[in-house]
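J.: Quick one, what's the 3D model for this:
(2 chains)
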Amino acid sequence: MNGSSLINNADRIFILLKLWVIGFLPAWMQQAAGVVLCVVAIICVFPGLFAISVLLERKGLGRMQNRLGPNRVGPYGILQPVADGIKSLTKEDLVPKSADGVVHFLAPVFLVVVVFMGYAVLPMGRNMTLVKMDAGLLFYFAMGASTELSVFMAGWASRNKYSLLGAMRAVAQMISYEVPLLMSSVAVVMITGSLSLEKIVEAQNQYTWGLPHWYIFTPWGFAGFVLYAVAATAETNRSPFDLPEGESELVAGYFTEYSGFKFAEFFLGEYVGMLSISGLGTTLFLGGWSAPVAFLGWVPSWIWFFGKVMLSICVFIWMRGTLPRLRQDQLMNFAWKFVLPLTMLNLFVAALWRFMGDGWERWVVCSAILLLAYVLMARVGFKRRHIGSRSYRYAE
Amino acid sequence: MLGEGILKGLAETARNFAGSYVSAERLTTVQYPEQRIAPIEATRDFPFLVYDGGDWEKGLRCVACQICEKECPPKCIYIVKSTDKKPDALGKMQIYPARFDIDISVCMSCQICVEVCPFEAIKMDTEFELSTTDRFGGLLLDRKELAKSNEHYHKIHPTEATEVDARLAEEKVKAEAKAKAAAAAAAAKAAAAAAAKPAAGTNETAAKPAVAPGDVATKPAGGETKA
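T.: As a prediction, this is how the structure comes out:
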């Protein structure tokens, strides 16, 4: 009895903390203060996670390249993000003379604001959603799509050809991958029958023989998750899809003309966006805050959510350490000729799964369709064309 | 199969990641200020002036001929000739540099000064920790800062320094032999002249050969080093 109440309190610790704080305020203020408190918590927690993931990234990439990574600031270099932050705060903030000052200033601010808006609908634990919105997924994608505007503002206002080229590339890439990102999530909506992220998590928070009903453990869910992961990587401009900010050809792309704290804001926006899209992927396919096995249900739900998000970040880092950057045409071909058709097919498979009943047949049929499509599309789409040696008609 | 290569790549990076914690040999980087690796023998950055013996001012090989100053492409060398002379390595009286400055913020480490020097007086150093808080004065090295012993040269470029020493020793032997031969020839000539002519003419004829040995000795010495 005592133990179970302790577990219950651990699960609700942030909610209890909020209630305790707003208890000091008069009744008419409590509602508003509670919301403000949650917003402040989100604004504090995710930059903290951003610092941790930057450190993880630098150390992890170093290890993958047989280096030690940063190891000078603090024990084992753990204070490196602090040093980076102080450095970017004290650097000179340069604005090009011919740049559009207002838009140049607004672009990073807008990016950070929009990226944080996405967190409003993410369920980060049991009863830990800031806004319980029925169309939460729609809201999230509306906010996610706005980041393109900020990128283009930055590129256009800088009045620099590299910035503009980078922005054009980024917008083209983000719009192309927005479609498969949405399409792969639609399959989840079709099965759950709701756009509410809370309901999507609830639907996955069931167990058969101690194993969870996460969508990733179904054929369409697995395919959807992989496609979602690819599209999310491209959407956040992460390696191997990081060509909008390719240092070697575009001198950092759309934020070429940004320095000091504005650059740090872009950096923050990128990582917080990565955390947020990982959070959405977790919610849609990895069961959100639910435990991976039934008997671990007593562990606080928020631990599972943040654990899964950080795990996804590690996979992002692993990908970055492994894959080289794609070319623009490869990127577009991959989006329109491979990822998008597969997500379309996945919608059909999800529908099939829904109407084939509970038997084992649907597992076989759905897996077979997806596997066959994958193999065939890879064969056709990625066949190497042998062009042969070049022949000249007029010259010798 | 599509994706196979990606999985292989992921396995490789994972192996590196785990391996870097297990075996220290994998880590290729050197933790610089604490750990150092010996520079390879061909390392070079900025020139220095070689001196023989214990006293840098006395043993400086440089004779302020200004060839390096004229050949230096970025013009980073500044030399002022001395008005007096002092004995050089061969014991001959030579001019020495009253000032010899190299601005290492201008120097491009091309080694042309080393190649043109007929006296093996200027060589390339390997010292690279030259950062300073004074960007003008701190990077303008005078002859005292530039002077480094032949032992230092042996330490940083052993093979090259041994060759240079052998060449200098050979030249010294040759110069001495030539001087001796010239002196002997002069003495013989003087003796013959003294025997042939009366005492009135001897002073004049004896004076000329006495100067000659020095002239004869320096010219070939300079020519051989250049070759």
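
J.: Those residues of chain B touching chain A, which are they?
T.: B:1-3, B:6, B:9-10, B:12-14, B:16-17, B:19-21, B:26-29, B:31 (Cβ under 8 Å from any Cβ of the partner chain). For the C-beta atoms, the positions are set from N, CA and C on the backbone; glycine is no exception.

J.: Can you tell me which of those residues are buried?
T.: The neighbour-count test (16 or more other Cβ atoms under 10 Å in any protein chain shown) marks B:9-10, B:13, B:16-17, B:20, B:27 as buried among the residues of chain B next to chain A.

J.: Residue A:257: which of these is nearest?
T.: Using Cβ to Cβ, residue B:13 is the member of these that lies nearest residue A:257, at 33.4 Å.

J.: among the buried ones among the residues of chain B next to chain A, which are in helices?
T.: Judged by DSSP state H, the subset of these located in helices is B:9-10, B:13, B:16-17, B:20.

J.: low-confidence ranges in the stretch 1-150 of chain A?
T.: The model of the stretch 1-150 of chain A has pLDDT under 70 over residues A:1-3.

J.: Up against chain B, what does it have?
T.: Residues of the stretch 1-150 of chain A lying near chain B by Cβ under 8 Å from any Cβ: A:60, A:63-68, A:71.

J.: Turn the ones in helices among the buried ones among the residues of chain B next to chain A into a markdown table, columns for pLDDT and distance to residue B:146.
T.: Converted to a markdown table, those look like this (pLDDT from 0 to 100; distance: Cβ to Cβ, whole Å):
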| residue | pLDDT | distance to residue B:146 |
| --- | --- | --- |
| B:9 | 91 | 52 |
| B:10 | 91 | 55 |
| B:13 | 92 | 49 |
| B:16 | 90 | 46 |
| B:17 | 90 | 48 |
| B:20 | 86 | 43 |
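
J.: Tell me which two of these sit farthest apart.
T.: Checking those with Cβ to Cβ, the most distant pair is B:9 and B:20, at 16.8 Å.

J.: quick one, longest helix in the chain?
T.: No chain was given, so I picked chain A. Assigned via DSSP H, chain A shows its longest helix as helix A:27-64.

J.: ah, no, chain B please
T.: Assigned via DSSP H, chain B shows its longest helix as helix B:158-196.

J.: Now that one: buried residues?
T.: Quick answer for helix B:158-196 (16+ other Cβ under 10 Å): B:160-161, B:164, B:168, B:171, B:175, B:178-179, B:182-183, B:186, B:190.

J.: What distance do you get for the residue lying closest to residue B:75 once chain neighbours are set aside to chain A?
T.: The shortest distance from residue B:75 to any non-neighbouring residue, by Cβ to Cβ, 6 or more residues apart in numbering or on different chains, is to residue B:106 (7.2 Å). According to Cβ to the nearest Cβ, to the nearest Å, residue B:106 and chain A sit 28 Å apart.

J.: Name the SS class of residue B:106, please.
T.: coil (DSSP: H, G, I helix; E, B strand; the rest coil).

J.: Let me see the confidence value for it.
T.: Per-residue confidence for residue B:106 comes out at a pLDDT of 92.

J.: got it, and residue B:69?
T.: Per the predicted model, pLDDT is 90 at residue B:69.

J.: So what's the gap between the helix or strand hosting residue B:123 and the chain middle?
T.: Residue B:123 is part of strand B:122-124 when elements are defined by DSSP states H and E. Strand B:122-124 sits 4 Å away from the centroid of its parent chain (Cα atoms, centre = their mean, to the nearest Å).

J.: can you list the residues that contact it?
T.: Here strand B:122-124 makes contact (Cβ atoms under 8 Å, 6 or more residues apart in numbering or on different chains) with B:44-50, B:62, B:68, B:109, B:111, B:113-114, B:153, B:157, B:160.

J.: cool, and stretch A:313-333?
T.: Residues outside stretch A:313-333 that contact it (Cβ under 8 Å, 6+ apart): A:53, A:56-57, A:60-61, A:64-65, A:169, A:172-173, A:176, A:229, A:233-234, A:238-243, A:246, A:274-275, A:278, A:334, A:381, B:6, B:9-10, B:12-14, B:17.

J.: For PyMOL, what selects the buried ones among those residues?
T.: Selection of buried members from the contacts of stretch A:313-333 for PyMOL, criterion 16+ other Cβ under 10 Å:
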select buried, (chain A and resi 53+56+57+60+61+64+169+172+173+176+229+233+234+238+239+240+241+242+243+246+274+275+278+334) or (chain B and resi 9+10+13+17)
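
J.: State whether residue B:102 is indeed within a strand.
T.: Yes: judged by three-state DSSP, residue B:102 forms part of a strand.

J.: quick one: it from chain A, how far?
T.: Distance of residue B:102 to chain A, computed by Cβ to the nearest Cβ: 33 Å.

J.: what about that residue, neighbour count?
T.: 27 (other Cβ atoms under 10 Å in any protein chain shown).

J.: Likewise for residue A:208?
T.: For residue A:208, using other Cβ under 10 Å, the count is 8.

J.: check contacts around it.
T.: Counting by Cβ under 8 Å, 6+ apart, residue A:208 touches no other residue.

J.: Chain B contacts on the stretch 251-396 of chain A?
T.: A:318-319, A:321-323, A:374-375, A:378, A:382.

J.: Skip the chain neighbours and tell me the closest residue to whatever residue of chain B ends up closest to chain A.
T.: Residue nearest to chain A within chain B: residue B:2 (3.3 Å; Cβ to the nearest Cβ). Using Cβ to Cβ, 6+ apart and skipping residues adjacent in sequence, the residue nearest residue B:2 is residue A:378, 3.3 Å away.

J.: What residues sit buried inside the helix or strand containing the one you found?
T.: Taking DSSP H and E as the definition, residue A:378 sits inside helix A:361-381. Residues of helix A:361-381 classed as buried: A:362, A:366-367, A:369-370, A:373-374, A:377 (neighbour count, 16+ other Cβ under 10 Å).

J.: State the mean pLDDT of that helix.
T.: For helix A:361-381, mean pLDDT is 86.

J.: So which elements touch it?
T.: Packed against helix A:361-381, as judged by 3 or more Cβ pairs under 8 Å, 6 or more residues apart in numbering or on different chains; DSSP states H and E, are the following elements: helix A:219-235, helix A:340-355.
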